[in-house]
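Asker: Okay, sequence plus prediction incoming.
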Amino acid sequence: MNRKEEIKKLIIESLALEEITPEDIKDDEPLFNEGLGLDSIDALELGMAIKRKYNISMEEDKDVNKKHFYSVNTLSEFVESKING
């Protein structure tokens with residue numbers, strides 16, 4: 001399973017989105033507002049799930065985190081950059 005698939009499954013599991021499958025989540029679609037429709041509480045939950053799964057912390061700067069959490073693509077790139085240093 002590739003990193004994007006892992007992240008899609010993590011989004012579904014950590015946010016209890018039973019009605020959504022990984023195939024429903026587009027790699028470049030926004031995760032928040034008009035895209036998948038997640039909100040700030042979801043962002044917090046997802047951030048904690050990423051920290052638990054990959055043992056990485058979010059950035060201090062909220063604007064930087066918004067860029068990382070924009071889509072599955074940007075979140076995957078962020079995780080890869082933290083894991084691979």
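Answerer: The structure has been received and is ready for your questions. Predicted model, so just to flag it, every value in this text is computed and none were measured.
Asker: only C-alpha atoms for contact and neighbour calcs from this point on.
Answerer: OK.
Asker: Residue 9 contacts residue 23, correct?
Answerer: No - applying CA atoms under 8 Å, one finds residue 9 not in contact with residue 23, separated by 9.9 Å.
Asker: Residue 25 contacts residue 37, correct?
Answerer: No - with contacts defined as CA under 8 Å, residue 25 does not count as touching residue 37, sitting 11.0 Å away.
Asker: and the gap between the residue nearest to residue 38 when sequence neighbours are not counted and residue 14?
Answerer: Nearest residue to residue 38 in three dimensions, chain neighbours excluded: residue 32, at 4.4 Å (CA to CA, 6 or more residues apart in numbering). Counting by CA to CA, to the nearest Å, the separation of residue 32 from residue 14 is 15 Å.
Asker: Tell me the buried residues in stretch 5-21?
Answerer: 5, 7, 8, 9, 10, 11, 12, 15 (16 or more other CA atoms under 10 Å).
Asker: quick one: which of those residues is nearest residue 77?
Answerer: residue 7 (10.8 Å; CA to CA).
Asker: check contacts around the closest one.
Answerer: Listed by CA atoms under 8 Å, 6 or more residues apart in numbering, the contact set of residue 7 reads 72, 75, 76.
Asker: what about it, which helix or strand?
Answerer: Element membership of residue 7 [criterion: DSSP states H and E] is helix 3-14.
Asker: tell me the mean pLDDT over that helix?
Answerer: Helix 3-14 comes out with an average pLDDT of 97.
Asker: quick one: which of the buried residues of stretch 5-21 is nearest residue 53?
Answerer: residue 10 (8.7 Å).
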